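# Predicted coordinates and the sequence they were generated for:
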Amino acid sequence: MTDSLDNLRNQIDELDQKLQDLLNERATLAHKVAEVKIATDPNPVFYRPEREAQVLRKVKERNQGPLDGETMARFFREVMSACLALEQRMKVAFLGPEGTFTQQAALKHFGHAVESVPLGAIDEVFREVEAGAAHYGVVPVENSTEGVVNHTLDTFMTSELKICGEVELRIHHHLLAGQHTQRDKVTRVYSHQQTLAQCRQWLDAHMPGVERIAVSSNAEAARRLSDEWNAMAIAGEMAEELYGLEAVQRNIEDRPDNTTRFLIIGRQDTPASGKDKTSLMVSGKNRPGLLFEVLAPFRDEGINLTRLESRPSRTANWSYVFFVDCEGHKEDGNLQAVLDKLEAAGNTIKLLGSYPKAVL
Ligand SMILES: O=C(O)C(=O)C[C@]1(C(=O)O)C=C[C@@H](O)C=C1
């Protein structure tokens, strides 16, 4: 015997009522958490990345389906975002304009109950957070096809901000046309330089004679189509929707697993969440075996490296700074031992932050 549609919908209504009551009960608790934070700390910190990561991990671990763990975690991401907004509405600066992948990353990480503020350049995002005009910032740091975003790494050299989180985003690029685009007369295609690079093979094969013009962001490329008839843009879905464009061809990135990693920057240290990463900068006097000496303590303490980059130090020609990402939190005994060894060997270390591994 199958249930009637009315019967099933009545059951859904009853459950929705319960869910709604429970969500409000949860929000009341979050509000009380805020009161405790205010009562116990003259400078209360409302956003707690380590706690959020733990909540989301638990959601995934205990999930029984039929909804999958990712989907369930995304629901809870939004629930916590709304609860946090009752405590304090977060202002999050990102590399704009509106519609960039960085905005998408910011919303993926913080949920939609934050105020997201577009800024024109990576160092502006840093400055906005340093000045306290935004609580947190979101900047791109590396792409799986095109490699590191040098500007972000270089800005860390002079900034005191801390990394307090990471987000990974699968990047899909679409060839977009505007209302006025005459599709058979297209002579130029706009996009950010990194995006053009990520779609190089597709463009070579399908638009060989079309001029590729690099602009400041994919969203800017999309915006330009409103007053041009012989151009197309390459950008993501957010820009497509924001500027009312139409996709001529979807997913034109050369690598289907094209992913960009973004960092969340803030002014506080983040306590351990149980599954963390640490980012640091190491510089030492140029000598034979310097890199080997920098890496050996990590091996000796059994710490896994997740990334290693070198950048010119900008203090003297041909001297370098190493950017190291590793597993673990700076309070962990073995990581402490690594830091002690590196310092004892005369290297300069700058800890950029320990933060939860991306959950979503
Ligand atoms: O546990 C806290 O500190 C809270 O403020 C509650 C809560 C949540 O909704 O679970 C909300 C915001 C924080 O970023 C972390 C968690």
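Yes, it's here. The shown structure was predicted, so the numbers you read here are calculated from the model rather than taken from an experiment.

# Pro271 touches Val45, doesn't it?
No. With contacts counted by C-beta atoms under 8 Å, Pro271 stays clear of Val45, the gap being 10.5 Å. The C-beta positions use only the backbone N, C-alpha and C, and glycine is treated the same way.

# can I see the domain layout of the protein?
Using automatic domain parsing, the domains assigned to the chain come out as 5-86, 91-171+259-266, 175-234, 276-356.

# The longest one near the ligand at all?
No. No part of domain 91-171+259-266 sits close enough to the ligand to count as contact by C-beta under 6 Å from any ligand atom; the gap is at least 9.2 Å.

# tell me the mean pLDDT for that domain?
Average pLDDT, domain 91-171+259-266: 94.

# Span of it from start to end?
With C-alpha to C-alpha, to the nearest Å as the measure, the first residue of domain 91-171+259-266 is 11 Å from its last.

# looking at the domains of the chain, which is buried most?
domain 91-171+259-266 (a mean of 20; mean count of other C-beta atoms under 10 Å).

# Residues of this protein that sit close to the ligand?
30, 33, 47-48, 51-52, 55, 80, 83-84, 87.

# Could you rerun that using 5 Å?
30, 33, 47-48, 51-52, 80, 83-84 (C-beta under 5 Å from any ligand atom).

# Is it correct that Glu142 is in contact with Glu166?
No. The pair Glu142 / Glu166 is not scored as a contact, 10.2 Å apart, by C-beta under 8 Å.

# longest single helix anywhere in the chain?
helix 5-40 (DSSP state H).

# by contact count, what packs against that one?
For helix 5-40, the packing partners by 3 or more C-beta pairs under 8 Å, 6 or more residues apart in numbering; DSSP states H and E come out as helix 69-87.

# Might you list the low-confidence residue ranges for the protein?
Counting by pLDDT under 70, the chain shows low-confidence ranges at 1, 317-318.

# can you give me the helices in it?
Under DSSP H, the chain gives helices at 5-40, 49-62, 69-87, 101-110, 122-130, 150-158, 193-198, 200-206, 218-224, 237-242, 290-300, 333-344.

# circling back: right, and the domains of the chain - which one's nearest Ala247?
domain 175-234 (5.9 Å; C-beta to C-beta).

# quick one: terminal-to-terminal distance for the closest one?
By C-alpha to C-alpha, the extent of domain 175-234 from end to end equals 5 Å.

# related to what we said a few turns ago, output the domains of the chain in a markdown table; the columns should cover distance to Val248.
A markdown table is the format used below for these (distance: least, C-beta to C-beta, whole Å):
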| stretch | distance to Val248 |
| --- | --- |
| domain 5-86 | 29 |
| domain 91-171+259-266 | 18 |
| domain 175-234 | 5 |
| domain 276-356 | 36 |
